[in-house]
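>>> need coordinates for the below:
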Amino acid sequence: MTNKRIYIFSPSSAVGNKAAVKRGIARLKALGHEVEVDPSTFARHMRFAGDDATRLAAIERATASGADIAIITRGGYGLTRLLPMLPYKAIAKAIDRGTQFVGLSDFTAFQNAVLVETGRVTWSGPAVGEDFGVEAEPDEIMQACFEDLVAGQGEGTGWQLPRAEAFGEPLQAKGVLWGGNLAIVSALAGTPWLPKVKGGILFLEDVHEHPYRIERMLTQLLYTGVLQQQKAIVLGHFTNWVPVPHDKGFRLNTVIEWLRSQVKAPVLTGLPFGHVPTKVCLPVGAKVTLAAEGRDAFLLWGHMH
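Below is the predicted model:
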């Protein structure tokens, strides 16, 4: 167990569940970490955690904090508004000094923009509220992966594919891992902040999006040529959507089958990532190896420090 400095900040939506974030802060302290909470963590301006200037200042403080980990309270919406103004040079220096930026959901915008502007690695992983702040005990795998990241020991992750997806011939692909939340990645298409990754490993997840919306966003990435350039597409969890009578059999599997018909690259599912309790930490912008044999799949990045 390594005790590290953790900086907590709110770059996107306002914290609705303050109790959860406070529980999360207490849990991180109980793990032995030194925790600093940004002064505008609980700020609110409309649906945002403060107006644009307030949230930009929070990002600047997180960047200048010298912390080992800078982690978001929650996702939501608001980072795409800030992309032209982010202090990219300072962020690159902070990462070079050892600060790991961690988050998911709306934080995907920050992560992909940082990859474009600086080539630096950030981490898709937990948020303080929804992961460390749950009323019951936090998910063991999520916590173990986060502790591995904190200790500089995480070198990869593995999971089991659905039976129907088992690989007869072993698969191995190497490339830059990138992506995150599908709604954000597709919203970056056509902007300067969608990474131009050729031969990459693209991972995607989403929440509250009906399969037809997921397909529509994938279509955008297909028609902009992004999907065709990847060596593999790895799907995490797509959760909390509600079927409607109009679907008539149109399901998430329909979308995945359609996607497979459109791209030559393998499409793997079941990555333990998304708006789910069991989530791993993934290095956005790092060179990784994707391997699969039978039902066993692995993403390996080796020692990052």
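>>> in three-state terms, label Glu205 for me.
strand (DSSP: H, G, I helix; E, B strand; the rest coil).
>>> contacting residues for it?
Going by Cβ atoms under 8 Å, 6 or more residues apart in numbering, Glu205 touches 104, 180-182, 235-238, 271, 273-275. C-beta here means a position set from N, CA and C on the backbone, and glycine is covered the same way.
>>> does Pro192 touch Val116 like I think?
Yes. Between Pro192 and Val116 a contact is recorded at 6.8 Å, counting by Cβ atoms under 8 Å.
>>> those two: which has the busier surroundings?
Val116 (20 against 10; other Cβ atoms under 10 Å).
>>> in what helix or strand does that one lie?
Assessed by DSSP states H and E, Val116 sits inside helix 107-118.
>>> same for that helix, what does it pack against?
helix 88-97, strand 100-103, strand 122-124, strand 167-181, helix 182-188, strand 282-284 (3 or more Cβ pairs under 8 Å, 6 or more residues apart in numbering; DSSP states H and E).
>>> now do 10 Å
The contact analysis (3 or more Cβ pairs under 10 Å, 6 or more residues apart in numbering; DSSP states H and E) places helix 107-118 against strand 69-72, helix 88-97, strand 100-103, strand 122-124, strand 167-181, helix 182-188, strand 282-284.
>>> partner residues bridging Gln160?
Assessed by DSSP bridges, Gln160 has beta-bridge partners Asp296.
>>> before we move on, the earlier item: Val263: which of the helices and strands packed on helix 107-118 is closest?
Closest approach to Val263 among the helices and strands packed on helix 107-118 (Cβ to Cβ): strand 167-181, 13.1 Å.
>>> okay, angle between the closest one and helix 107-118 too, please.
Here strand 167-181 runs at an angle of 90 degrees relative to helix 107-118 (axes from the mean of the first three to the mean of the last three Cα atoms, to 10 degrees).
>>> isn't there a helix covering Ile8?
No. Ile8: not assigned to a helix; according to three-state DSSP it is strand.
>>> contacts only, for it.
Counting by Cβ atoms under 10 Å, 6 or more residues apart in numbering, Ile8 touches 21, 24-25, 28, 35-38, 41, 58, 62, 65, 67, 69-73, 127-129, 132.
>>> give me the contacts around the helix or strand encompassing Gln220.
Here Gln220, judged by DSSP H and E, is contained in helix 211-223. With Cβ under 10 Å, 6+ apart as the contact definition, helix 211-223 has outside contacts at 179, 182-190, 194, 202, 204, 206, 209-210, 226-228, 230, 233, 235, 238, 241, 243-244, 246-247, 250-256, 258-259, 262-263.
>>> ok so, going back, shared neighbours of Pro192 and Val116, anything?
Common contact partners of Pro192 and Val116 (Cβ under 10 Å, 6+ apart): Leu83.
>>> one step back: what pLDDT, on average, does the helix holding Val116 get?
Across helix 107-118, pLDDT averages out at 98.
>>> and the closest residue in space to Leu177 that isn't next to it in sequence, how many neighbours?
Closest residue in space to Leu177, ignoring its immediate chain neighbours: Val288 at 4.4 Å, by Cβ to Cβ, 6 or more residues apart in numbering. Taking other Cβ under 10 Å as the criterion, the count of residues near Val288 is 26.
>>> all set, thanks.
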